[in-house]
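>>> test case, fold it:
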Amino acid sequence: MKTLLATDLDGTLLNAERRAGEHDLATLRELAAAGICRAAVTGRSLHSVRQALPPDFPIDYLVFSSGTGILDWRSGELLATCTLPAADVNRAARILRERNANFMVHDPVPDNHRFLHFESRPEDTDYRRRRDYDPSLARPLDPGSVLGEAAQLLAVLPPDLDRFANLRQALAEFQVIRTTSPMDGRSIWLEIFPVEASKAQGCAWLVERLGLDRDHTYCLGNDYNDLDMLEWGAHAVVVANAPADLRARFPVTASHNHNPLTAACAAWGLR
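Presented below is the predicted three-dimensional model:
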């Protein structure tokens, strides 16, 4: 079987305690024994993933920062990256400032856990909590400065879908992804990437590189930033803790607290 199993991390494979369940860990090891390629596909930076997962975590590949980087997990080799050119970064930052959005500009991969930050106005979001989570990684952005290349920009918005839609339209030349904040569970994180970066495109890159069969791709997710990957996969499910509109679109498996990977693989006949 030339098969790819791709799973999101936070809210999917990782439970409320930010750990994978014991049954899911055993299932990942069983998949390796069956010759199935295992990929974790996450919005986390490489730095953040390495804080969350031990070096011997049972995966083969890591697609991180929503597809801006792809890593061979076992060897540690960085296989692919993509970057926003400086002109695009400055154009996107100008649009965000003009629309009074609070945002961050992340350094290129693999240092994209470091960022510049700019607050247009105080808002009821987790922007400041995100900014201040690790002060050693954050630098203030002088609005008059010229920006260089970046992995992505991140705007933190109140849960206002109309405002998100208007901003996404203004940023139509970029890859714009909606994520529910993993910090407060309500703020909208509007993430701006190069057009060639996405979870789906990261999975497709692995399929082509490894000679896998697109018909044997299995994807598991929980939030809007997984949507393109879920639509791309030949087989896809969402966890029971996913938003209601995603649960209406895709088959549903167990919640992130109840070993969803094991349940999904059983339903798919992979174990």
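>>> which residues does Thr63 form a beta bridge with?
Slight slip there: residue 63 is Val, not Thr. For Val63, the beta-bridge partners under DSSP bridges are Val41, Ile70.
>>> let me know whether it touches Ala200 as I believe.
No: applying CB atoms under 8 Å as the test, Val63 and Ala200 come out as separate, 9.7 Å apart. Every C-beta, even on glycine, is put in place using the N, C-alpha and C of the backbone.
>>> neighbour count for those two, which is higher?
Val63 (29 against 21; other CB atoms under 10 Å).
>>> which residues touch the more buried one?
Going by CB atoms under 8 Å, 6 or more residues apart in numbering, Val63 touches Ala6, Ala39, Ala40, Val41, Thr42, Gly69, Ile70, Lys199, Gly202, Cys203, Leu206.
>>> how much space separates the third one from Arg18?
Okay, so that is Ala40. Ala40 sits at a distance of 13 Å from Arg18 (criterion: CB to CB, to the nearest Å).
>>> and if you look at the fourth one?
For Val41, the distance to Arg18 under the criterion CB to CB works out to 17 Å.
>>> who has more neighbours out of these two?
Using other CB under 10 Å as the criterion, Val41 and Arg18 rank with Val41 on top: 30 against 13.
>>> from Ala263, how far off is the more buried one?
Val41 is 19 Å from Ala263, by CB to CB.
>>> could you pull out the strands for the stretch 51-200 of the chain?
61-64, 69-72, 78-81, 102-106, 115-118, 138-140, 152-157, 175-180, 188-193 (DSSP state E, counting those that start in this stretch).
>>> what's next to the fourth one, contact-wise?
If I follow you right, that is strand 102-106. So strand 102-106 is contacted by 45, 65, 89, 93, 96, 112-121, 123, 125, 127, 130-131, 138, 141, 147, 150-156 (CB under 8 Å, 6+ apart).
>>> the inter-axis angle of it versus strand 188-193?
40 degrees (axes from the mean of the first three to the mean of the last three CA atoms, to 10 degrees).
>>> strand partners (parallel or antiparallel) of strand 102-106?
strand 115-118 (antiparallel), strand 152-157 (antiparallel).
>>> hang on, the earlier thing: Thr12 is nearest to which of the strands of the stretch 51-200 of the chain?
strand 175-180 (12.6 Å; CB to CB).
>>> roughly how far is the closest one from the heart of the chain?
From the chain centre to the centre of strand 175-180 is a distance of 9 Å (CA atoms, centre = their mean, to the nearest Å).
>>> which other residues reach that strand?
43, 66, 164, 167-168, 186-198, 223-225, 228, 243.
>>> same deal with stretch 159-167?
Taking CB under 8 Å, 6+ apart as the rule, stretch 159-167 contacts Ile95, Leu96, Arg99, Ala101, Ala155, Leu157, Val176, Arg178, Arg186, Ser187, Ile188, Leu190.
>>> do that again at 6 Å, thanks
With CB atoms under 6 Å, 6 or more residues apart in numbering as the test, stretch 159-167 has contacts from Leu157, Arg186, Ile188, Leu190.
>>> out of these, who's nearest Arg74?
Taking CB to CB as the measure, Leu190 is the one of the contacts of stretch 159-167 closest to Arg74, at 33.8 Å.
>>> got JSON lines for the strands of the stretch 51-200 of the chain, with distance to Leu210 and mean pLDDT too?
Shown next, in JSON lines, are the strands of the stretch 51-200 of the chain (distance: least, CB to CB, whole Å; pLDDT from 0 to 100):
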{"stretch": "strand 61-64", "distance to Leu210": "9", "mean pLDDT": "98"}
{"stretch": "strand 69-72", "distance to Leu210": "11", "mean pLDDT": "98"}
{"stretch": "strand 78-81", "distance to Leu210": "11", "mean pLDDT": "98"}
{"stretch": "strand 102-106", "distance to Leu210": "28", "mean pLDDT": "98"}
{"stretch": "strand 115-118", "distance to Leu210": "32", "mean pLDDT": "98"}
{"stretch": "strand 138-140", "distance to Leu210": "37", "mean pLDDT": "98"}
{"stretch": "strand 152-157", "distance to Leu210": "26", "mean pLDDT": "98"}
{"stretch": "strand 175-180", "distance to Leu210": "24", "mean pLDDT": "96"}
{"stretch": "strand 188-193", "distance to Leu210": "23", "mean pLDDT": "98"}
